[in-house]
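>>> I need the structure of the sequence given here:
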Amino acid sequence: MTGIPIGVLASGRGSNFAALVRGDTSPGFVRVLLTDDPEAPALALARDMGVEGEYIYPGPRRTCFDVASEKEWAQFLLERGVELVCLAGLMRVLKGPLIDAFPGRILNIHPSLLPSFPGLDAQGQAIRYGVKVSGCTVHYVDRGVDTGPILLQTPVRVKPTDDREVLSRRILDAEHLLYPRAVKLHLQSALSKRLN
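Coordinates of the predicted model:
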């Protein structure tokens, strides 16, 4: 394939990975999927979609990489020519080596309208706080937790009958539409700067 190679990092089922493969991310294309779980359904999904999928040991802690492992992840992506990294349900905080290797070129999608409800269980937080509108956000990754600059957002109405699961499904549907749009916007802007 021709275009700008994208690496997707995921921990679970890979629905946002699939949305990026199927969506219009031109001039980018998904080159590789990396996961921190050897049993992640996203690996089988990558195989079915004809995308290289790999598991690389992330280190012993459940919520973050150790520095050596994160360096290995960064090296793997660089060796495959990846120019943009997209987090798609990766359940780990980046320590630094990936951020250093891809400055301003790591995106994440989060199931709330940041800066509201960062971190885990954003949908549950929205239900507990009784907000009328939640949504999803694509933002650049920095060393904080969901604190990087916002690229795009989509609102999702919270209905009085919603529970966490129902709201999560509706927000996920919005994520699948928003993430390819955000990637396309980032890459077209980066390409325009490169050409000028």
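>>> Could you check how far the most centrally placed residue in the chain is from residue 73?
Geometric centre of the chain, nearest residue: residue 87, 2.5 Å, by C-alpha atoms, centre = their mean. As defined by C-beta to C-beta, to the nearest Å, residue 87 lies at a distance of 12 Å from residue 73. To be clear about C-beta, it is placed using only N, CA and C from the backbone, and glycine gets the same treatment.
>>> what touches both of those two?
residue 9 (C-beta atoms under 8 Å, 6 or more residues apart in numbering).
>>> about what we covered before: residues contacting the residue nearest to the centre of the chain?
Counting by C-beta under 8 Å, 6+ apart, residue 87 touches 8-10, 106-109, 141.
>>> So which of the residues you listed is the closest to residue 57?
Nearest to residue 57 among the contacts of residue 87 is residue 9, at 13.9 Å by C-beta to C-beta.
>>> Can you say which helix or strand has the closest one in it?
strand 4-10 (DSSP states H and E).
>>> Do me a favour and get the end-to-end distance for stretch 136-149?
Using C-alpha to C-alpha, to the nearest Å, the span of stretch 136-149 from its first residue to its last is 14 Å.
>>> quick thing: my sequence starts at 43, can you match it?
New numbering, starting at 43: the last item is stretch 178-191.
>>> quick one on the thing from earlier: specify the beta-bridge partners of the residue nearest to the centre of the chain.
When bridges are called by DSSP bridges, residue 129 pairs up with residue 51, residue 150.
>>> Low-confidence bits of the protein, can you list those?
The chain contains residues with pLDDT under 70 at 236-238.
>>> can you pull out the strands in it?
Along the chain, counting by DSSP state E, strands occupy 46-52, 70-77, 94-97, 126-129, 148-152, 175-182, 192-199.
>>> Of all those strands, which one is nearest residue 104?
Across those, residue 104 has its closest neighbour in strand 70-77 (14.1 Å, C-beta to C-beta).
>>> biggest helix in this structure, by residue count?
Secondary structure of the chain per DSSP state H: the longest helix is helix 206-237.
>>> burial measure for residue 50, as a count.
Neighbour count for residue 50, taken as other C-beta atoms under 10 Å: 31.
>>> Ok, residue 177 next?
24.
>>> what does residue 94 give?
Residues near residue 94, counting by other C-beta under 10 Å, number 13.
>>> Equivalent analysis for residue 120, please.
Neighbours around residue 120, by other C-beta under 10 Å: 13.
>>> and if you look at residue 151?
The number of residues packed near residue 151 is 26, by other C-beta under 10 Å.
>>> ditto for residue 187
Counted by other C-beta under 10 Å, the residues lying close to residue 187 total 12.
>>> how close does it sit to residue 53?
On the measure of C-beta to C-beta, residue 187 and residue 53 end up 15 Å apart.
>>> Same question for residue 91.
Taking C-beta to C-beta as the measure, residue 91 falls 18 Å from residue 53.
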